[in-house]
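Quick one: sequence and predicted model below, then my questions.
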Amino acid sequence: MTAVDALDARILTLLLERPRTSVREYARILGIARGTLQARLDRLERDGVITGSGPHLSPAAMGHPVLAFVHIEVTQGHLDDVGDGLAAVPEIIEAFSITGGGDLMTRVAARDAGHLEDVVQTLIQLPGVVRTRTEVALRERVPYRVLPLVRSVGRAAAAG
């Protein structure tokens, strides 16, 4: 069984398209009971499909317009330690363990090029970091989104 069925996909689509709508209004639009909707929402949260409901914030609008991806090579056996160290750096807005060139990839928001260099120097000094490689993003081409994926999953669930 798929984690998201066709009704779940409709619910998720509404949440993404109309994030400030009430649960009562979602139920009305979907033509289902409020209790049914709430049970679905609770399950989707419990299953980790819905991971939050807060606002999406723009680092650029908060004075950090420089976006960079910093790849970090880590001494074997120190991945968790470096991950803990990254969590203490406020400019790190995401970090992932990866395959390929490096062990970790971070997304960094900085005020300007000098600030980015300061952040990278902080990362280099973390115990267990061997080297870093930085790539500066020039322009966002596809913003973070999941709505097309939700729609695709919903179509597949309805068809299958």
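Nice, I can see it. Predicted, not measured: the structure shown is a model, and the values here were computed from it.

What segments of the chain are strands?
Counting by DSSP state E, residue ranges of the strands within the chain are 66-74, 92-97, 104-110, 129-136.

Val49: neighbouring residues, count only.
Neighbour count for Val49, taken as other CB atoms under 10 Å: 16. All C-beta spots, glycine's among them, are computed from the backbone N, C-alpha and C.

just Gly48 next, same as before
Other residues near Gly48 come to 8 when the count uses other CB under 10 Å.

Would you quantify the distance from it to Val119?
Summarising the geometry, the distance separating Gly48 from Val119, computed by CB to CB, to the nearest Å, is 30 Å.

how close does Val153 get to Arg139?
29 Å.

Look at the two and report which has more neighbours.
Set side by side, Val153 and Arg139 show unequal neighbour counts under other CB under 10 Å, the larger going to Val153 at 20 against 5.

wait, what's in contact with Gly35?
Going by CB atoms under 8 Å, 6 or more residues apart in numbering, Gly35 touches no other residue.

got it, and Ala33?
Contact partners of Ala33, counting by CB under 8 Å, 6+ apart, are Ala27.

That one and Arg40: what is the separation?
In this view, Ala33 and Arg40 are 10 Å apart by CB to CB.

Quick check: Arg34 touching Ser22?
No. In this structure, Arg34 is not within contact of Ser22 by CB atoms under 8 Å, at 9.6 Å.

More neighbours: these two, which one.
Neighbour tally, Arg34 and Ser22, criterion other CB under 10 Å: the higher count belongs to Arg34, 14 against 10.

list the contacts for the spatially closest residue to that one that is not a sequence neighbour?
Ranked by CB to CB, 6 or more residues apart in numbering and with sequence neighbours excluded, the top spatial neighbour of Arg34 is Ala27, at 4.4 Å. Counting by CB under 8 Å, 6+ apart, Ala27 touches Ala33, Arg34, Thr36, Leu37.

quick one on the thing from earlier: identify, out of the strands of the chain, the most deeply packed stretch.
Neighbour counts averaged per stretch over those are highest for strand 104-110, at a mean of 21; criterion: mean count of other CB atoms under 10 Å.
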